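Participant: sharing a sequence plus its predicted fold:
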Amino acid sequence: MRIGLIAALKRSDEGARRANLLLAGRSVIGWQAALLQELGAERVLCLTDRTPASGEILALQHALEAGGCDFHALTGFAALAALVRAEDDLVIIQDGLVPGTDMAKSLFNAGPALRRGVATLAADHPLAAAYPDDFERIDAARHWAGVLVMRGAAVQQIADFPADCDAISLLLRLALQAGTPCRDLGARELVTEQWLLASDLQTVDHYQAGLMARLAPPADGCAPFHALAGMLARDLVTRGLEQGGKVAAGAGLIVLLAAITVAVFGFPAIGLGLAALGAFGAQVSLARLALVSRLQNRLSPAPSAKRLGGVTDGLVGVTLWCSLTPDLTGQPLAVLGLLTIGLARLAARMRPAPVGIIASDRVTIALVCCGAASLGVLLEVTACLALGLLTALLLRTSPE
């Protein structure tokens with residue numbers, strides 16, 4: 001069995017627990033648990049000095065157990081010998097450390113089995129110099145880098161030590177005495193932008209800014225409302241407002257339904273304006289889902305994102321259709337409303353071409369139609385939009 005060991009004991013410079021500091025909407029201990037799951041841990045042990053466990057620990061326990069992973073909060077290390085068998089692999093992460101996921105996986109993953117080892121960094125590395133108590137010295141040339149994978153047999157010796165010992169430091173020494181090999185991380189591989197020790201809020205904020213800059217898509221002037229939605233989504237994620245995306249999506253869908261109703265009653269300009277507002281709410285939710293997927297190393301967004309995008313496009317198309325023919329019986333060319341949105345969905349796949357970026361911004365399309373409706377030329381403008389999108393699709397360059 002693969003077992004992970006983390007801790008929620010040490011405090012930041014401001015006095016808060018390192019494990020509870022928020023990084024991109026997720027606690028430090030939540031990031032550690034996610035890495036342990038990436039490494040295949042079937043059980044997670046957490047050292048804490050609180051009885052009962054804090055709300056953050058309980059929330060982590062519920063999340064892990066919902067995913068099929070056992071969780072145990074321990075107020076001392078005496079129970080470790082009973083929970084870790086000799087044949088188990090034990091993955092240990094230093095209290096308050098958020099290792100780079102890709103780097104840790106490449107260091108310890110070896111197919112179906114974990115590669116045992118103690119991650120180390122050079123004695124002159126800035127992290128070792130700044131935090132000697134966290135990145136302990138191993139020998140004259142190396143310090144511990146805060147992550148190790150050891151055989152469970154050495155854990156059985158921990159019962160022979162006093163209860164006030166630092167469990168993680170003790171296990172590090174036992175792993176080295178058991179002959180666990182050291183795996184060096186070079187200066188180029190290990191930098192503060194990839195290996196975070198949550199020692200204070202300023203360090204966490206700096207790391208978070210770099211993380212967002214790497215993962216958030218750059219703003220594009222061709223789709224201004226996409227860029228604005230992305231800014232709001234980043235704010236929701238960094239503040240840890242998990243319900244913010246759901247609220248934006250729900251409010252957007254309600255406004256879109258209201259837009260259809262208003263268009264049916266003969267107010268196309270107002271209806272399309274409401275459609276633009278509702279589509280923007282959906283875009284904020286979609287941008288948040290995409291950012292969370294990147295943060296969690298998922299290759300594709302959640303299935304709910306595809307459903308939300310399809311429903312949003314359908315409601316915008318129906319609003320445009322009802323705006324062209326409020327009585328729902330006349331004007332056969334009203335089908336151009338649905339046709340335009342359908343062509344926009346196809347054209348949106350032409351990225352990074354500017355046409356694809358523009359076509360993906362439903363808010364802009366709805367606002368253009370809103371302006372056309374207020375001027376009484378909605379049918380003509382919709383026909384031009386459909387013709388322009390069709391032309392772009394026909395003229396696109398086919399891959400070799």
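Facilitator: Looks like it arrived, so ask away. Numbering: from 1, shown residues only.
Participant: what ranges of this protein fall below the confidence cut-off?
Facilitator: Within the chain, the stretches with pLDDT under 70 are 51-54, 110-111, 186-193, 216-221, 240-242, 296-303, 326-331, 351-353, 397-400.
Participant: show me how the record splits it into domains.
Facilitator: 2-210, 219-395 (automatic domain parsing).
Participant: mind giving me a markdown table with those domains and columns for mean neighbour count?
Facilitator: Using the backbone N, CA and C atoms, a C-beta is placed for each residue, glycine as well. Putting these into a markdown table (neighbours: other C-beta atoms under 10 Å) gives the following:
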| stretch | mean neighbour count |
| --- | --- |
| domain 2-210 | 18 |
| domain 219-395 | 19 |
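Participant: these two touch, right, Leu289 and Lys306?
Facilitator: No. Using C-beta atoms under 8 Å, Leu289 makes no contact with Lys306, being 9.8 Å away.
Participant: the nearest residue to Phe280 once chain neighbours are set aside sits in which helix or strand?
Facilitator: Closest residue in space to Phe280, ignoring its immediate chain neighbours: Val363 at 4.8 Å, by C-beta to C-beta, 6 or more residues apart in numbering. In this assignment (DSSP states H and E), Val363 forms part of helix 362-374.
Participant: just Met150 next, same as before
Facilitator: In the assignment (DSSP H and E), Met150 maps to strand 142-151.
Participant: helices and strands around that strand, which ones?
Facilitator: strand 89-93, helix 101-108, strand 117-122, helix 126-130, helix 167-177, strand 182-185 (3 or more C-beta pairs under 8 Å, 6 or more residues apart in numbering; DSSP states H and E).
Participant: go through these and name the closest to Leu80.
Facilitator: Each of these has some distance to Leu80 by C-beta to C-beta; the shortest is helix 167-177, at 7.1 Å.
Participant: ok, back up a step: what distance do you get for the residue nearest to Phe280 to Val381?
Facilitator: Remark: distance between Val363 and Val381 (C-beta to C-beta, to the nearest Å) = 16 Å.
Participant: ok, now Gly30?
Facilitator: Remark: distance between Gly30 and Val381 (C-beta to C-beta) = 48 Å.
Participant: and for Cys165?
Facilitator: 75 Å.
Participant: how about Phe251, nearest residue that isn't a chain neighbour?
Facilitator: Let me fix one detail, which is that residue 251 is Ala and not Phe. Counting by C-beta to C-beta, 6+ apart, Ala251 lies nearest to Gly281, which is 5.0 Å off, once chain neighbours are set aside.
Participant: secondary structure element for the one you found?
Facilitator: helix 268-295.
Participant: save the helices and strands packed on strand 142-151 as JSON lines, and put in distance to Leu236 too.
Facilitator: Below are the helices and strands packed on strand 142-151 laid out as JSON lines (distance: least, C-beta to C-beta, whole Å):
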{"stretch": "strand 89-93", "distance to Leu236": "27"}
{"stretch": "helix 101-108", "distance to Leu236": "22"}
{"stretch": "strand 117-122", "distance to Leu236": "33"}
{"stretch": "helix 126-130", "distance to Leu236": "31"}
{"stretch": "helix 167-177", "distance to Leu236": "34"}
{"stretch": "strand 182-185", "distance to Leu236": "33"}
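Participant: which of those sits closest to Leu257?
Facilitator: Comparing the helices and strands packed on strand 142-151 by their distance to Leu257 (C-beta to C-beta), the top pick is helix 101-108, with 40.4 Å.
Participant: who are the packing partners of that closest one?
Facilitator: Contact here means 3+ C-beta pairs under 8 Å, 6+ apart; on that basis helix 101-108 packs against helix 28-38, strand 117-122, strand 142-151, strand 182-185.
Participant: so which of these is nearest Leu215?
Facilitator: When the helices and strands packed on helix 101-108 are compared (using C-beta to C-beta), the closest one is helix 28-38, at 13.8 Å.
Participant: for the very next helix or strand once past the closest one, what is the distance to the chain centroid?
Facilitator: Next along the chain after helix 28-38, taking DSSP H and E as the criterion, comes strand 43-48. Taking C-alpha atoms, centre = their mean, to the nearest Å, one finds strand 43-48 lying 23 Å from the centre of the chain it belongs to.
Participant: what's in contact with strand 43-48?
Facilitator: For strand 43-48, the external contacting residues (C-beta atoms under 8 Å, 6 or more residues apart in numbering) are 1-9, 29, 33, 36, 54, 57, 60, 64, 69-77, 80, 83-84, 95, 167-168.
Participant: partners of that strand in the sheet?
Facilitator: Within its sheet, strand 43-48 is paired with strand 2-8 (parallel), strand 70-74 (parallel), according to DSSP bridges.
Participant: is it possible to get JSON lines of these that adds distance to Ala141?
Facilitator: As requested, those are exported to JSON lines (distance: least, C-beta to C-beta, whole Å):
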{"stretch": "strand 2-8", "distance to Ala141": "26"}
{"stretch": "strand 70-74", "distance to Ala141": "34"}
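Participant: which of the ones you listed sits closest to Ala122?
Facilitator: Nearest of the strands paired with strand 43-48 (C-beta to C-beta): strand 2-8, 25.0 Å.
Participant: sheet-wise, list the partners of the helix or strand following the closest one with their directions.
Facilitator: Proceeding N to C from strand 2-8, the next assigned helix or strand is strand 22-23, under DSSP H and E. With DSSP bridges as the test, strand 22-23 is paired with strand 26-27 (antiparallel).
Participant: what sits up against the partner strand?
Facilitator: 19-21, 34, 56, 60, 240, 295.
Participant: closest to Phe135 among the residues you listed?
Facilitator: Phe135 has its nearest neighbour among the contacts of strand 26-27 in Ala19, at 17.4 Å by C-beta to C-beta.
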